[in-house]
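Peer 1: sequence and computational prediction follow.
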Amino acid sequence: MAPLEFLRLAAHPLRWQLLGELARSDRQVHELTTLLGQPQNLVSYHLGLLRKAALITARRSAADGRDTYYAVDLDRIGAQLAEAGAALHPGLRPSAPAPPAPFGSVLFLCTGNSARSQMAEALVRHLTAGTVLAGSAGSHPKPVHPSAVAVMAARGIDLAGARSKHLSEFAGRRFDAVVTLCDRVREICPPYPGHPEPVHWSMPDPARDPAGRAAFERTAAELDTRIGYLLHRLHRLHRDDS
C-alpha cells in the first residue's frame with residue numbers, strides 16, 4: 001500500500017478509533033458499536049475497508065460460529081507507519097529501538113490449559129527472563145499437549161514439566177493483565193482484584209486443527225508477535241504508574 005493511501009485510510013476518525021480498540025483486544029462488531037457509539041452498518045463498513053487493506057483480520061468465534069472476532073495486524077501497521085515517515089523524509093525512518101525491560105504480571109486463560117495458554121506463559125517468561133510473572137489456567141484442564149512441548153522445545157523453551165491448572169487456582173490473585181485466548185473461556189472469565197483491563201485474543205485451538213504440528217507452530221508465532229506488543233503495554237502501564 002502506498003504511504004499516502006495508508007495515511008488516508010488510517011486517518012479517518014472512526015477507522016482510527018477502530019484500530020485503537022482492536023489494538024487493545026480482539027472484538028466483535030456489536031462490542032465496537034457500543035464502545036464507539038456508532039451504528040452497526042457504519043462500523044461494519046469501515047471494518048470492511050480496513051480488512052480490504054489487510055490492516056485487520058477476522059475469525060469465526062469458536063464459541064459461537066455466528067460471531068466474528070476482529071483483530072488488528074500491528075506489525076503491518078507499524079511497517080506502514082515507518083514507510084510513510086521515510087517517504088516524507090529519509091531522516092524519519094525509525095531505527096529499531098531496544099525493547100523495554102517490562103515487569104508486572106499476566107495470566108493467560110483457555111479451555112484446556114494444554115496448549116495456547118501454556119505456550120503463552122512460557123513465552124512471556126522466556127522473553128522477559130522472568131521479569132514478568134506469568135501464569136496460565138483453563139476452565140477444563142487437561143494434560144499439556146505433546147506438540148506444544150515439541151514446538152516450544154524447538155524455540156529453546158522447556159515445557160516438559162508444565163502442569164495444567166484450573167481457573168480457581170488463581171482466584172483472588174491480582175494481575176496487570178488477564179488475557180483470554182479461547183472464545184469460550186472469554187464468556188466465563190471470572191473477575192480479578194484490581195479489575196485489570198480484559199484482553200481477548202481469539203485464537204483457534206491448534207489441537208483441533210488437522211494440520212497437526214504446523215498448527216502449533218502457527219500458534220507459537222502468533223503468540224510471539226502478540227506478546228511482544230503486550231510487553232510494551234505492560235512497560236507503559238508501570239512507567240505511567242511510577
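Peer 2: Looks like it arrived, so ask away. Numbering: from 1, shown residues only.

Peer 1: tell me where the model's unsure across the chain.
Peer 2: 95-101, 238-242 (pLDDT under 70).

Peer 1: what's the domain layout of it?
Peer 2: 3-92, 104-241 (automatic domain parsing).

Peer 1: let me know which of these is tucked in deepest.
Peer 2: Highest mean neighbour count of the domains of the chain: domain 104-241, a mean of 18 (counted as mean count of other Cβ atoms under 10 Å). Bear in mind the C-beta positions are built from the backbone N, C-alpha and C, glycine included.

Peer 1: which elements pack onto the helix ranked longest in the chain?
Peer 2: Scanning the chain for the helix with the most residues, using DSSP state H, yields helix 213-241. Contacts defined by 3 or more Cβ pairs under 8 Å, 6 or more residues apart in numbering; DSSP states H and E place helix 213-241 against helix 74-88, strand 104-110, helix 116-128, helix 146-154, strand 177-180.

Peer 1: what angle sits between it and helix 116-128?
Peer 2: Orientation note: helix 213-241 sits at an angle of 60 degrees relative to helix 116-128 (axes from the mean of the first three to the mean of the last three Cα atoms, to 10 degrees).

Peer 1: so Q38 makes contact with L18?
Peer 2: No: the criterion here is Cβ atoms under 8 Å, and Q38 misses it with L18 at 9.3 Å.

Peer 1: need the residues touching each of these two.
Peer 2: The contact sets of Q38 and L18 overlap at L32 (Cβ atoms under 8 Å, 6 or more residues apart in numbering).

Peer 1: in contact with F170, which residues?
Peer 2: Applying Cβ under 8 Å, 6+ apart, the residues near F170 are 107, 135, 137, 192.

Peer 1: got these as JSON lines, with distance to S114 and secondary structure columns?
Peer 2: Below are the contacts of F170 laid out as JSON lines (distance: Cβ to Cβ, whole Å; DSSP: H, G, I helix; E, B strand; the rest coil):
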{"residue": "L107", "distance to S114": "16", "secondary structure": "strand"}
{"residue": "G135", "distance to S114": "15", "secondary structure": "strand"}
{"residue": "A137", "distance to S114": "11", "secondary structure": "strand"}
{"residue": "Y192", "distance to S114": "22", "secondary structure": "coil"}
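
Peer 1: and V199, that's in a strand?
Peer 2: Yes: assigned with DSSP: H, G, I helix; E, B strand; the rest coil, V199 falls within a strand.

Peer 1: separation between it and R186?
Peer 2: When distance is defined by Cβ to Cβ, to the nearest Å, V199 is 10 Å away from R186.

Peer 1: what sits in contact with each of those two?
Peer 2: In contact with both V199 and R186: T180, using Cβ under 8 Å, 6+ apart.
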